[in-house]
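Trainee: pasting the sequence and the predicted model now:
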Amino acid sequence: MAQGRFIICFDFELAWGRFDKILSEDYLAQVRLTRKEIVPLLLTALERHRIPATWGVVGHLMLRECDGIHAELEPYRPEHFPNWFSRDTGGKDDGSSVWMCRDVVERIATCSVPQELASHSFSHVDFSHPALLRKRAAQELELARDLISEFGQEMKTHIFPRGRSGHLDVLKDAGVRVYRTFRAPGTGFKSAFGQFVTEALARTPPLVTAARDELGMLNVEGGMLFNRRGRYRSAIPVSRRVVRAIKGINAAAREGGVFLLWSHPVDFAADQKAMLRAFDEICAHAARMRDTGRLEIIPVRELA
Ligand SMILES: [Zn+2]
């Protein structure tokens, strides 16, 4: 039987993650806290437990400066937010930008335990949306690839923004070998409540499925989201999520499967201490399993 494997995956976006939905002062404060404190503390935890994680970084974060317009890109005009770069303030990062943070990406890339830089597109566009034309999809990936290469890494993994896939041939052309999607949890009372029950009872999370697609790339689907957002979910103590993640890790070891835990660094901001403590507990458990030969801990690219 194959050895069980564990993957930690962060979507690192700063304001790009939700600017087309919300951009309140509270949220921006959390985003700033993310670049100043949370990412460095996550790296400290990953170093302590010698865990190589995958960071799906929005490419724009890796810029040194920009004009805030990006006229060189094919337009992307989804009906809910037709002027995609209208909130991008442009200029140079003064250390508190919510649109760029090359210094933070540098810290990730130079962590003493090698971390994978993966594509999360250039500007967090939805690859399943009809407004995303093929040319713009290609530009999003080429920019991500070129920016990642500036940190000495080859882009092998693409994390679809919002988990929604599309333009697979473009991914293939850009050199992607493995991509991650997730099943949309659905909307409305029933599914939100179902998710609440699953998490409150700390039911064992499903292992990921990894299937080779018709283009030869690996489609990694599923995983456990580690955060506290949501109408009902925010009431569940973080400790339940630790129990659930540990069940997932143990299931991977037992069944020779792959368990993937994913989150956004900004999701740690509202309850920083408890979330970081919980994350450290999960890492410590995984490290013990690895050190006793029962588990491998790998970045996403090693699945390809
Ligand atoms: Zn810009």
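Mentor: Yes, it's here.

Trainee: number of nearby residues for the residue of the stretch 151-300 of the chain found nearest the ion?
Mentor: Proximity of the stretch 151-300 of the chain to the ion (C-beta to the ion) peaks at residue 161, 16.3 Å away. Any C-beta I mention is one placed from the backbone N, CA and C, and that applies to glycine too. Residue 161 has 23 neighbours, counted by other C-beta atoms under 10 Å.

Trainee: how much space separates the closest residue to the ion within the stretch 101-250 of the chain from residue 222?
Mentor: Using C-beta to the ion, residue 123 is the residue of the stretch 101-250 of the chain that sits closest to the ion, at 7.8 Å. In this structure, residue 123 and residue 222 are 26 Å apart, going by C-beta to C-beta, to the nearest Å.

Trainee: one more: residue 17?
Mentor: From residue 17 to residue 222 the distance is 20 Å (C-beta to C-beta).

Trainee: ok, these two, which is more surrounded?
Mentor: residue 17 (23 against 19).

Trainee: so what does that one look like in phi/psi?
Mentor: Main-chain torsions, residue 17, degrees, to the nearest 10: phi -60, psi -40.

Trainee: I figured it hits residue 269, correct?
Mentor: No: in this structure residue 17 lies outside contact range of residue 269 using C-beta atoms under 8 Å: 11.9 Å.

Trainee: buried set for stretch 267-274?
Mentor: 267-270 (16 or more other C-beta atoms under 10 Å).

Trainee: again, but for stretch 76-96
Mentor: The neighbour-count check on stretch 76-96 (16+ other C-beta under 10 Å) flags 76, 84-85, 88, 93 as buried.

Trainee: can you count the residues close to residue 298?
Mentor: 18.

Trainee: list the contacts of it.
Mentor: By C-beta atoms under 8 Å, 6 or more residues apart in numbering, the contact set of residue 298 is 5-7, 52.

Trainee: residue 221 now?
Mentor: Residue 221 touches 180-183, 208-211, counting by C-beta under 8 Å, 6+ apart.

Trainee: and residue 211, how many neighbours does it have?
Mentor: 9.
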